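K.L.:
quick one, what's the 3D model for this:
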Amino acid sequence: MKEAKRVIWGLLIGIALGLVLAALPDKTIYEKLNMYALQPIGTIFLNLIKMLVVPIVFFSISLGVMGLGNPKELGRVGGKAIGFFLSTTAVAIIIALGLALLIKPGERGNFQTEGLPKATGEIPDTSIINTIVGMFPTNPITAMAEGNMLQIIVFSVFVGFGITFLGKKAATLRSFIEQGNDLMTYLITLVMKMAPLGAFALIASAVGSLGLKSLQAMFAYMSIVVLSLIVHSLFTYGSAVSLIGKMNPFFFFKKFAPVMMFAFSTSSSNATLPVAMQTAQRELKVPRSVSSFVQPLGATINMDGTAIMQGVATVFIAQVYNVDLTPGQLATVVLTAVLASVGTAGVPGVGLVMLTMVLQSVNLPVEGIALIIGVDRLLDMMRTAVNVTGDAACAVIVAKSEEGNLKDKEVEDERYA
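P.N.:
Numbers count the residues shown, from 1 in each chain. All right, here's what the predicted structure looks like:
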């Protein structure tokens with residue numbers, strides 16, 4: 001709890017500094033401070049976290065598969081996790097579309113659409129077949145070097161299976177995986193001592209670049225995204241944790257709040273993964289075998305916060321351009337956003353690239369992205385916090401449903417309502 005308070009203080013001081021810098025008439029002060037202090041500190045912190053992501057995913061997934069023991073258990077756990085992730089993503093974008101259509105943010109300002117810069121960025125091919133084929137690496141070392149999480153997960157599953165089936169013959173490898181996981185846990189604890197400073201630098205840089213005017217101009221759009229994120233977190237995750245996971249939702253959010261703050265500061269599900277897993281196992285008492293499998297999987301395919309942004313942004317841009325979306329087009333937005341969430345990289349800013357694909361699926365001008373890009377950094381922080389919360393909620397639910405099947409279950413009655 002002491003570490004959490006330090007991170008929160010870092011965020012608050014960073015926000016205050018960012019607002020002061022944004023209000024200064026001389027922008028060179030912010031630019032120099034950001035270039036020589038804020039940005040380097042924030043980048044070093046993120047790099048330290050990202051340095052651990054690939055090894056922690058490899059060791060944790062392999063260890064999780066070894067803990068589950070056999071393909072039947074893995075298939076059952078994986079099926080439950082994927083079903084939860086896809087279902088909540090669909091619910092998330094439906095909430096976003098409903099609120100955006102009701103409040104109509106695109107009709108609440110005199111937005112100029114002439115001369116908007118063209119959207120840039122390669123649109124990933126997210127068809128189901130290509131996604132499935134792309135999951136299987138031709139070279140696992142290359143997959144690790146490129147940070148291709150789906151391929152790393154698949155390779156780790158095979159390694160875990162192989163070690164399990166070889167038994168005593170692979171005892172040395174089993175020890176290596178277990179010790180590697182212990183080492184990553186220690187390094188996470190070490191790097192997290194820098195979290196308050198990293199959070200301070202990242203949030204100060206983001207708020208200082210935005211300023212109040214740009215936030216006020218997009219207040220309606222931002223409000224609906226934030227409202228959708230809150231509704232989805234409290235009602236979708238809260239009710240799922242309570243009704244299916246049999247855990248008190250207040251307990252869940254209280255224990256996981258520090259991770260949400262951390263995710264807010266980093267804007268990266270992958271960077272938050274080590275801390276999220278540690279918290280789920282220590283505070284929420286999710287068995288290691290479940291946490292080690294479900295949460296890395298969620299960091300790769302669970303993008304509820306991003307789906308919410310895509311839903312609100314699509315309706316917002318359509319309203320700005322005076323385009324009435326048909327029920328069929330709205331259904332296309334839901335389907336496209338859900339499919340796009342599978343394999344989306346858990347790194348800052350990827351949501352805008354995926355939004356390009358969603359807009360094209362309903363024939364909306366991708367240039368409209370320029371209307372929201374100014375405030376996307378702040379919203380990216382918020383939706384990342386929602387994404388990692390969904391991963392933890394899924395881990396709690398799967399752990400509860402697997403209580404009678406897991407070998408290393410750890411259940412504390414007092415955590416349940």
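K.L.:
so Leu297 sits against Ile153, correct?
P.N.:
Yes: counting by CB atoms under 8 Å, Leu297 touches Ile153, with 6.4 Å between them. For every residue, glycine as well, the C-beta is placed using N, CA and C.
K.L.:
compare these two and say which one has the larger neighbour count.
P.N.:
Neighbours per residue, other CB atoms under 10 Å: of Leu297 and Ile153, the larger number sits with Leu297, 25 against 22.
K.L.:
got the contact list for the more buried one?
P.N.:
Taking CB atoms under 8 Å, 6 or more residues apart in numbering, we find Leu297 in contact with 78, 81-82, 85, 153.
K.L.:
6 Å - rerun?
P.N.:
By CB atoms under 6 Å, 6 or more residues apart in numbering, the residues touching Leu297 are Ala81.
K.L.:
check whether it sits in a helix, strand or coil.
P.N.:
helix (DSSP: H, G, I helix; E, B strand; the rest coil).
K.L.:
and the gap between it and Gly390?
P.N.:
Leu297 sits 12 Å away from Gly390, going by CB to CB, to the nearest Å.
K.L.:
stretch 157-171: which residues count as buried?
P.N.:
157, 159-161, 163-164, 170 (16 or more other CB atoms under 10 Å).
K.L.:
so can I have JSON lines of those showing distance to Leu99 and secondary structure?
P.N.:
Output for those, formatted as JSON lines (distance: CB to CB, whole Å; DSSP: H, G, I helix; E, B strand; the rest coil):
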{"residue": "Val157", "distance to Leu99": "38", "secondary structure": "helix"}
{"residue": "Val159", "distance to Leu99": "44", "secondary structure": "helix"}
{"residue": "Gly160", "distance to Leu99": "42", "secondary structure": "helix"}
{"residue": "Phe161", "distance to Leu99": "44", "secondary structure": "helix"}
{"residue": "Ile163", "distance to Leu99": "47", "secondary structure": "helix"}
{"residue": "Thr164", "distance to Leu99": "46", "secondary structure": "helix"}
{"residue": "Ala170", "distance to Leu99": "52", "secondary structure": "helix"}
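K.L.:
tell me the mean pLDDT over whichever strand or helix holds Ala171?
P.N.:
Counting by DSSP states H and E, the element that carries Ala171 is helix 171-191. Across helix 171-191, the average pLDDT comes to 84.
K.L.:
what's the answer for stretch 303-312, then?
P.N.:
Averaged across stretch 303-312, pLDDT comes to 86.
K.L.:
using PDB, list the CA coordinates for it.
P.N.:
Only the C-alpha atoms of stretch 303-312 are listed here, as PDB (Å, rounded to 0.1, in the frame of the first residue of the first chain):
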ATOM      1  CA  MET A 303      -8.800  -4.400 -25.600                       C
ATOM      2  CA  ASP A 304     -12.100  -3.300 -24.100                       C
ATOM      3  CA  GLY A 305     -10.900   0.200 -23.500                       C
ATOM      4  CA  THR A 306      -9.700   0.500 -27.000                       C
ATOM      5  CA  ALA A 307     -13.000  -0.800 -28.300                       C
ATOM      6  CA  ILE A 308     -14.900   1.800 -26.400                       C
ATOM      7  CA  MET A 309     -12.700   4.600 -27.900                       C
ATOM      8  CA  GLN A 310     -13.300   3.100 -31.400                       C
ATOM      9  CA  GLY A 311     -17.100   3.000 -30.900                       C
ATOM     10  CA  VAL A 312     -17.400   6.600 -29.500                       C
END
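K.L.:
distance between it and the chain's centre?
P.N.:
Offset of stretch 303-312 from its chain centre (CA atoms, centre = their mean, to the nearest Å): 11 Å.
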